[in-house]
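Visitor: structure for the following, please:
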Amino acid sequence: MGETLRVIRGGGGGQGPVLDAVVFAGDENFTPTASTGTASTGAARTEAKLDTGASNINEGAALALGMIKAPSGTFVEAEANKPGGTNKIVEIEGASGGRAVTSSADYQTVFQAPIPATGDAFRIYVRHKGGPFSLKINNAGKSSDRWFFRKAPEWTWTETDTFSREELGPQLRIGRGAGEDKTIFLDAVVFAPDVKRALPADRPDPAIAPKTIAATIDWNKAAATVSPLVWGINEHQILDPKGATDPKFQQLLGSLNVPLIRIHNAGFMDAWTDAKTRDWDVEKIKAGFAASTGYGNTPVMMNLTWAPKWLGTKLLTSEAQEDELAALWGRLVKIMRDDVKRPVAYWEVINELEGTYEKAGKLDALWRLYNKSAAAIRKADPNARIGGAAFTYAKPSWIAGFLQNCDDVQFLSWHNYGTGDLYQSNEKLFSGVDSNVGALAKGALEAVQKFGKGRRLETFLTETNVKYTWDPYERRHQNQVGSIFQALVVKKMAELGVTGVTLWQQRGDAYGSLINNKNETFPSFHLYGWGPKYLSGKMAAATSGDETLLEIMPVTRANGQKAVLLLNKANHTLILPAAKTLLPGFKTAQQLNAEGVQTDLKIAEGAFSLPGYSLTLLASG
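Guide: Okay, the predicted model is just below:
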């Protein structure tokens with residue numbers, strides 16, 4: 001090369017190549033790093049498909065060479081915005097410019113940059129390493145955090161969501177979480193031009209005229225049995241005695257009088273065990289139950305998720321680890337009986353581990369872990385009801401393998417959500433209760449008949465809600481449209497003969513469908529108050545003029561009292577026959593609609609109207 005490297009363009013007309021940077025590699029094994037060179041501000045380079053004239057671009061030679069793949073859009077280096085305060089720029093291997101921004105302060109804004117000058121909406125991509133991060137979003141004039149909890153041990157591009165210019169405001173701000181394990185290194189952000197998709201409607205369309213529809217109930221003809229257990233919930237505040245000591249939350253929980261509480265959380269084992277002693281923290285467990293006054297005498301299903309971090313990963317690598325975990329779970333049975341003095345109605349062994357073990361080709365080891373665990377539980381309590389395996393969904397081959405290889409099983413459990421798409425239409429969500437949730441449950445029940453070896457097994461859908469991904473937030477988890485979906489799932493499971501359903505979950509700002517972290521209640525709080533009180537017993541036969549618009553759930557309780565739940569799935573008003581033809585002599589009428597809850601609904605004589613996207617309860621007592 002001589003003393004100077006020269007790069008020359010070829011002949012011909014038109015615009016020539018745009019040259020950004022060059023890396024001199026010492027030998028054929030040399031891996032160029034971003035610190036080797038600095039890209040020109042405002043450069044346009046075809047390799048990364050970046051906008052011409054973009055500002056604050058400084059991704060360096062590694063990106064220019066295509067070694068760091070960037071999504072198409074406006075690329076902004078984190079360090080290009082001169083971070084201050086507790087933020088600092090650090091030299092770090094693998095960052096696009098050889099440097100990244102980090103902060104030691106909890107909830108600190110780590111990145112801040114102007115929104116590109118043109119474009120109405122942008123899909124945001126974040127290149128990061130370490131803990132979770134949040135985007136500051138303008139929601140109806142109020143600033144809120146949209147969290148993305150993907151932990152990245154290596155440099156990762158996380159695709160967040162599409163946001164309008166109004167949602168982002170004049171600047172994009174990205175923050176970190178709290179705690180040393182939440183430290184994040186932020187490398188770069190890409191603003192990708194996009195079109196903001198419309199979220200599904202949460203209220204009826206006033207432009208659509210009301211539709212008259214037939215509806216009849218034959219109270220003398222039974223259609224199904226509605227077990228009280230279909231109105232169960234998931235709960236995990238109990239794992240943290242400090243958090244559980246919230247009198248308002250406990251009062252709200254207790255007022256529901258739900259028939260079953262499943263105790264579950266991904267951090268269950270680490271929350272209740274002590275890594276130093278490799279055993280249970282008995283005093284913490286006792287304190288959690290003592291604080292959880294809202295449980296009352298509600299039966300509990302205890303989900304035993306997977307190994308604590310001090311023992312191993314989700315995929316155990318030795319039989320010694322399996323033996324230690326099984327013995328640990330056996331000791332919890334004794335602790336609950338002898339120290340906490342709290343009965344456990346169901347021991348649900350493992351949670352969504354089948355995919356991990358199947359990928360590793362070790363499903364036989366998972367069944368072995370179950371059998372060892374069941375044996376330890378049985379030894380501690382000969383009368384325990386044991387089951388599992390809380391499958392991610394009711395995949396027939398998983399269920400068949402479980403039932404064929406595991407003997408001490410009293411119940412089968414699986415999970416099923418409506419969608420993973422925030423923008424899926426309400427109509428498709430509702431129809432999926434039959435084609436998705438219902439079809440998979442039917443397959444699970446058929447597998448019990450085929451592979452259950454004659455055992456009379458109970459069956460549980462132990463996690464369900466609208467959306468299985470909680471990021472981005474699904475607003476239907478907290479409005480009456482989601483309540484309709486949840487009621488449809490309960491009705492379908494009852495019609496199929498499933499023993500129980502536990503909603504994921506009772507409290508939170510993402511999945512929380514009953515109560516949020518501020519103890520504000522949502523429509524489903526009322527639905528799950530109605531269910532245990534009015535809607536368990538014998539379901540009567542009912543017909544609807546169009547089940548794509550209206551479903552009917554009539555129930556006669558054990559005391560002879562009757563109730564009917566009318567589910568208007570349409571985005572417009574439905575006109576039904578007189579309410580007294582459906583339930584003569586009803587005394588209670590309540591409704592969930594787009595305006596909220598009406599606990600003392602007045603229904604006139606004659607035909608009556610159901611607002612679009614609503615649930616209406618009529619009860620005789």
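Visitor: what segments of the stretch 1-150 of the chain are strands?
Guide: 74-77, 87-91, 99-103, 109-114, 121-130, 133-139, 142-148 (DSSP state E, counting those that start in this stretch).
Visitor: buried residues, the first one. List them.
Guide: Translated: strand 74-77. By 16 or more other Cβ atoms under 10 Å, the buried positions in strand 74-77 come out as 74, 75, 76, 77. C-betas here are computed from N, CA, C, even on glycine.
Visitor: relative to the whole chain's centre, how far out is that strand?
Guide: 31 Å (Cα atoms, centre = their mean, to the nearest Å).
Visitor: if we can go back for a sec, closest one to residue 197 among the strands of the stretch 1-150 of the chain?
Guide: Of all the strands of the stretch 1-150 of the chain, strand 121-130 sits nearest to residue 197, with 8.9 Å by Cβ to Cβ.
Visitor: how far does the closest one sit from its chain's centre?
Guide: Worked out by Cα atoms, centre = their mean, strand 121-130 lies 21 Å from the chain centre.
Visitor: just checking, residue 354 touches residue 393?
Guide: No - using Cβ atoms under 8 Å as the test, residue 354 is too far from residue 393 to be in contact (9.7 Å).
Visitor: hang on, the earlier thing: out of the buried residues of strand 74-77, which is nearest to residue 429?
Guide: residue 74 (34.1 Å).
Visitor: per-residue confidence for the closest one?
Guide: At residue 74, the pLDDT value in this model is 91.
Visitor: mind listing the helices for the stretch 101-250 of the chain?
Guide: Per DSSP state H, counting those that start in this stretch, the stretch 101-250 of the chain carries helices over the ranges 165-168, 241-244, 247-256.
Visitor: go through those helices and name the closest to residue 483.
Guide: Closest approach to residue 483 among these (Cβ to Cβ): helix 247-256, 14.0 Å.
Visitor: coming back round to it: deepest in the core, which of the strands of the stretch 1-150 of the chain is it.
Guide: Of the strands of the stretch 1-150 of the chain, the one with the most neighbours on average (mean count of other Cβ atoms under 10 Å) is strand 74-77, at a mean of 26.
Visitor: phi first, then psi, for residue 177.
Guide: phi -90, psi -170 (degrees, to the nearest 10).
Visitor: which one is it nearest to, not counting chain neighbours?
Guide: residue 132 (5.1 Å; Cβ to Cβ, 6 or more residues apart in numbering).
Visitor: how near is the nearest residue to residue 602 once chain neighbours are set aside to residue 603?
Guide: Leaving aside its sequence neighbours, residue 602 sits nearest to residue 589 (Cβ to Cβ, 6+ apart; 7.4 Å). Separation of residue 589 from residue 603 (Cβ to Cβ, to the nearest Å): 5 Å.
Visitor: more neighbours: the two, which one.
Guide: A direct count of neighbours by other Cβ atoms under 10 Å for residue 589 and residue 603 places residue 589 higher, at 18 against 15.
Visitor: low-confidence ranges in this protein?
Guide: Within the chain, the stretches with pLDDT under 70 are 1-3, 8-69, 82-84, 139-141.
Visitor: circling back: nearest approach to residue 263 belongs to which of the helices of the stretch 101-250 of the chain?
Guide: Residue 263 sits nearest to helix 241-244 of all the helices of the stretch 101-250 of the chain, at 11.4 Å, using Cβ to Cβ.
Visitor: quick one on the thing from earlier: reformat the strands of the stretch 1-150 of the chain as TSV; add distance to residue 174.
Guide: Below are the strands of the stretch 1-150 of the chain laid out as TSV (distance: least, Cβ to Cβ, whole Å):
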stretch	distance to residue 174
strand 74-77	11
strand 87-91	11
strand 99-103	10
strand 109-114	4
strand 121-130	7
strand 133-139	5
strand 142-148	9
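Visitor: just to revisit the earlier point, residues near the residue nearest to residue 177, how many?
Guide: 19.
Visitor: tell me the contacts of it?
Guide: Each residue near residue 132 by Cβ atoms under 8 Å, 6 or more residues apart in numbering is listed here: 147, 148, 149, 150, 151, 176, 177, 182, 184.
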